[in-house]
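> Take a look and give me a structure for this.
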Amino acid sequence: MSSNKASSLAWLAQGLLPKSMDQSKHEVLAALALGKKSAYSKHYAPELLQPVPRRLNREELGIAEQQPFSGVDVWHAYELSWLNAKGKPMVALARLTVDASSPNIIESKSFKLYLNSLNQTRFESNDAVLAALATDLSKVAGAAFQIELFQPDDLQSLAPSALHSRCIDDLDIELDAYELSPDILHVDASTTSECLHSHILKSNCLITDQPDWATVIIEYSGPKINRESLLRYLISFREHNEFHEQCVERIFCDIQQRCQPHALSVQALYTRRGGLDINPFRSSDTTENAPLRRINRQ
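Model (predicted):
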């Protein structure tokens, strides 16, 4: 690894960027494994985990010092395996949750590589696996991860469920532009409380440009958001490049600034890639717990 990349990762691990690197966002991101050919480790390798400072995107949104929301990132891992004390392979599914106030997000490819490094590693018990995951992930994120394991035959714990909200995808609109356009958002004269969702959200990976697909749920009270403008706005992410968590925070901030709701929550349920899905949740209500939603697209 070059000295520049090593230095970048050192800053990343602390959730910081030196002032001299303000213009070097691309250099920092280039230090990540994402988008590069990677070998799978056959041995437990927590060093594979790579952090990305949340501050990178929050600076642009003007919320680096104080966020207008609380929330969590909820991951589901579908390809989790290890060896028990006798060398017998074990498998499980996992729900892994970290607070949105953590200094770092965990880059998803490094997450996948790390989980696969457990495949040929012996653990004395399920509790030992949980302890290793919690220790490693919390260290990189800079905040505690909460982790639950589920057996493959447990059909209830991660079962898809219906969204108790109004889908806006059937609105008959015409478009010919797909560039991010927050100015599209506007409100009607009335006030309301409602929960809306769309399955159309698509953005692209910040580094690889591969498409990311999600269902987004927006619950709010206050001036009524014009639904056509909201759908057009969500579609405007179609050629936009950002990480999942960053997209959700951008949606929250754009709606808050342009529609002035009294209360607002935004959650995106991203389809899985590499055995992982991620479900960022942001809310203006600091007491609100993230709904543990999961849909059939995941």
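> How about the contacts made by P160?
R294, I295, N296, Q298 (Cβ atoms under 8 Å, 6 or more residues apart in numbering). Placement of C-beta: from N, CA and C, glycine included.
> Helix, strand, or coil at the first one?
The three-state assignment at R294 reads coil, by DSSP: H, G, I helix; E, B strand; the rest coil.
> and it, how many neighbours?
Residues contacting R294 under the criterion other Cβ atoms under 10 Å number 18.
> My understanding was that it contacts A162; is that so?
No - in this structure R294 lies outside contact range of A162 using Cβ atoms under 8 Å: 10.9 Å.
> in the stretch 1-150 of the chain, which spans are strands?
Secondary structure of the stretch 1-150 of the chain (DSSP state E, counting those that start in this stretch): strands located at 51-53, 70-83, 89-99, 104-106, 145-150.
> Adding mean pLDDT as columns, could you present the ones you listed in CSV?
Listed next are these as CSV, based on pLDDT from 0 to 100:
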stretch, mean pLDDT
strand 51-53, 94
strand 70-83, 98
strand 89-99, 98
strand 104-106, 96
strand 145-150, 97
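> how about those, which one is nearest R282?
strand 70-83 (4.0 Å; Cβ to Cβ).
> Remind me what the closest one packs against, helices and strands.
strand 89-99, helix 108-116, strand 276-283 (3 or more Cβ pairs under 8 Å, 6 or more residues apart in numbering; DSSP states H and E).
> How about residues contacting stretch 217-229?
Contacts for stretch 217-229 (Cβ under 8 Å, 6+ apart): 163, 165, 168, 171, 173, 184-197, 230, 251, 255, 259-269, 293.
> In strands, which of those residues appear?
Using DSSP state E to define strands, the subset of these located there is 187-197, 263-269.
> Restrict those residues to the buried ones and give me that as a PyMOL selection.
Selection command for PyMOL covering only the buried members of the ones in strands among the contacts of stretch 217-229, criterion 16 or more other Cβ atoms under 10 Å:
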select buried, resi 187+196+197+264+265+266+267+268+269
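> Quick check: bridge partners of D99?
Counting by DSSP bridges, D99 is bridged to V72.
> Near it, how many other residues are there?
Neighbours around D99, by other Cβ under 10 Å: 15.
> do the same with R293
The burial count for R293: 20, using other Cβ under 10 Å.
> returning to what we had before: using TSV, please lay out the helices and strands packed on strand 70-83 together with distance to Q146.
Output for the helices and strands packed on strand 70-83, formatted as TSV (distance: least, Cβ to Cβ, whole Å):
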stretch	distance to Q146
strand 89-99	5
helix 108-116	16
strand 276-283	14
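> what's the most buried one of these?
Stretch with highest mean neighbour count among the helices and strands packed on strand 70-83: strand 276-283 (a mean of 25; mean count of other Cβ atoms under 10 Å).
> Show me how the chain divides into domains.
Per automatic domain parsing, the structural domains of the chain span 1-31, 38-150, 166-283.
> Can you tell me how far K202 is from E249?
17 Å (Cβ to Cβ, to the nearest Å).
> picking that back up, quick one, which of the strands of the stretch 1-150 of the chain gets closest to T287.
strand 70-83 (8.6 Å).
> what inclination does the closest one have with respect to strand 145-150?
For strand 70-83 against strand 145-150, the angle by axes from the mean of the first three to the mean of the last three Cα atoms, to 10 degrees is 50 degrees.
> give me the number of residues near the nearest residue to W213 once chain neighbours are set aside?
Leaving out its chain neighbours, the residue that sits closest to W213 by Cβ to Cβ, 6 or more residues apart in numbering is T271, at 4.6 Å. Neighbourhood size, T271 [other Cβ under 10 Å]: 14.
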